[in-house]
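Asker: Give the three-dimensional model of this entry:
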Amino acid sequence: MPGGRLTQQERQQIAAGLADGLAYAEIARRLDRPTSTITREVMRNGGPVAYRPEIAHRATEHRAHRRRRTAPREARTAPAPHGRDTDTEAVRAYEEAFTTIFMQQGLPKMASRVLTCLYTTDTGSVTASELVQRLQVSPATVSKTVALLETMGLVRRERDERRRERYVVDNDVWYQGMIASARSHAQLAETARQGVGVLGPGTPAAVRLENIARFVDFVGESMARAAEQARDILWAKPGPAPQDTAEPRPDR
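Answerer: Residues are numbered from 1 along each chain as shown. Next comes the predicted model:
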C-alpha cells in the first residue's frame with residue numbers, strides 16, 4: 001500500500017526501473033508511490049548505479065529492528081522538545097528526505113546526516129555524544145565527518161557553559177557557501193583564460209576555454225551579487241520608524 005514500507009517486490013521493481021533508465025518520478029508512478037519515497041530509497045542505498053534490492057531490503061529491516069530496540073532507552077533520556085515527538089514516522093521521513101537533498105548536492109551520506117541533525121535541532125547545535133547517540137555511529141566517524149564539514153565552512157565548533165565542545169550551524173552558512181562557490185568559479189575562469197594563451201588565441205581549444213571562462217565569470221559574479229542582495233534584504237533588521245522632528249513652519 002502507498003503509505004506503508006516498501007516491499008521486497010517493490011524494491012526489485014525499482015531496480016528494474018533504474019536498469020531501464022527510468023526517472024524516479026516514472027518509477028514512483030508505476031508503484032503508486034510518492035517520488036520522494038523512491039528518491040530517498042535509492043539514495044540511502046547506494047544511489048542509482050549501486051542500488052541492490054536485496055541489500056536495501058535487509059538494511060531497512062536492520063534499521064527498523066535497531067529503532068525498536070533503542071526506542072525505550074531514548075524515550076527515557078531524550079524528552080520531546082516543544083511537545084514534538086522527534087521519533088515519529090513523519091519526522092524520520094522528513095529527515096531522510098532532507099539528507100537525500102544534501103547527498104544530491106554532492107555531500108557524503110554521513111556529512112548529510114550530520115547537517116540534517118543540526119538543521120532539524122531547535123538549538124542549532126549538538127555535541128559529539130549527541131550525534132553518536134542520534135546517528136548510532138562511532139565517535140571516530142563523528143569526528144571525521146565534522147572535520148570535513150568544517151573544511152567546507154558548513155559547521156563550526158564552540159564551547160558551551162559546561163566547557164563541552166558543540167557543533168554549530170550559523171545563520172549565514174548559505175551566504176558563506178555561495179561566496180565560496182563564486183570564488184571557485186572565478187578561479188576556474190582564470191585557469192581557463194591561462195589556457196587561451198598557452199594553446200594559442202583563435203584555436204578551437206582556446207575558443208572553447210574562453211567560452212568557459214566567460215560563462216563561469218558571469219555565473220560567479222551573479223551568484224556573489226545575489227548572495228549579497230539576499231543577505232541585505234532577508235536579514236536586515238527593521239529599524240525604528242523615522243520621526244518627524246521638523247518644527248512646523250508658519251503659514252505664509
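Asker: can you list the weak-confidence ranges in the stretch 1-150 of the chain?
Answerer: 1-3, 63-88 (pLDDT under 70).
Asker: How are the helices of it distributed by residue range?
Answerer: Under the criterion DSSP state H, counting those that start in this stretch, the stretch 1-150 of the chain contains helices at 8-19, 24-31, 35-43, 47-50, 53-77, 89-104, 109-119, 128-135, 139-151.
Asker: Which residue would you name as the spatial centre of this protein?
Answerer: Among the residues of the chain, the one closest to the centroid is residue 102, at 2.9 Å (CA atoms, centre = their mean).
Asker: how about that residue, what does it touch?
Answerer: 111, 112, 115, 116 (CB atoms under 8 Å, 6 or more residues apart in numbering). (Glycine included, C-beta is placed from N, CA and C.)
Asker: and if we set it to 7 Å?
Answerer: 112, 115, 116 (CB atoms under 7 Å, 6 or more residues apart in numbering).
Asker: Any idea how many residues pack against the first one?
Answerer: Residues within reach of residue 112, counting by other CB atoms under 10 Å, total 23.
Asker: The last one now?
Answerer: Per other CB under 10 Å, the neighbour tally for residue 116 reads 20.
Asker: Distance of it relative to residue 147?
Answerer: With distances taken as CB to CB, to the nearest Å, residue 116 is found 18 Å from residue 147.
Asker: what comes up buried for the top helix by length along the chain?
Answerer: Of all the segments of type helix in the chain, defined by DSSP state H, the longest one is helix 204-234. By 16 or more other CB atoms under 10 Å, the buried positions in helix 204-234 come out as 206, 209, 210, 212, 213, 216, 217, 220, 223, 224, 227, 231.
Asker: quick revisit: right, so of the helices of the stretch 1-150 of the chain, which gets closest to residue 189?
Answerer: Nearest to residue 189 among the helices of the stretch 1-150 of the chain is helix 139-151; the distance by CB to CB comes to 23.3 Å.
Asker: In CSV, list the C-alpha atoms belonging to the closest one.
Answerer: Only the C-alpha atoms of helix 139-151 are listed here, as CSV (Å, rounded to 0.1, in the frame of the first residue of the first chain):
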residue,chain,number,x,y,z
PRO,A,139,32.8,8.8,17.9
ALA,A,140,35.6,8.5,15.3
THR,A,141,33.0,8.7,12.5
VAL,A,142,31.5,11.8,14.0
SER,A,143,34.9,13.4,14.5
LYS,A,144,36.0,12.7,10.9
THR,A,145,32.7,13.9,9.5
VAL,A,146,32.7,17.2,11.5
ALA,A,147,36.3,17.9,10.4
LEU,A,148,35.1,17.6,6.7
LEU,A,149,32.2,19.9,7.3
GLU,A,150,34.5,22.4,9.0
THR,A,151,36.8,22.5,6.0
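Asker: Can you spell out which helices and strands pack onto that helix?
Answerer: If you count contacts as 3 or more CB pairs under 7 Å, 6 or more residues apart in numbering; DSSP states H and E, helix 139-151 packs onto helix 109-119, helix 128-135.
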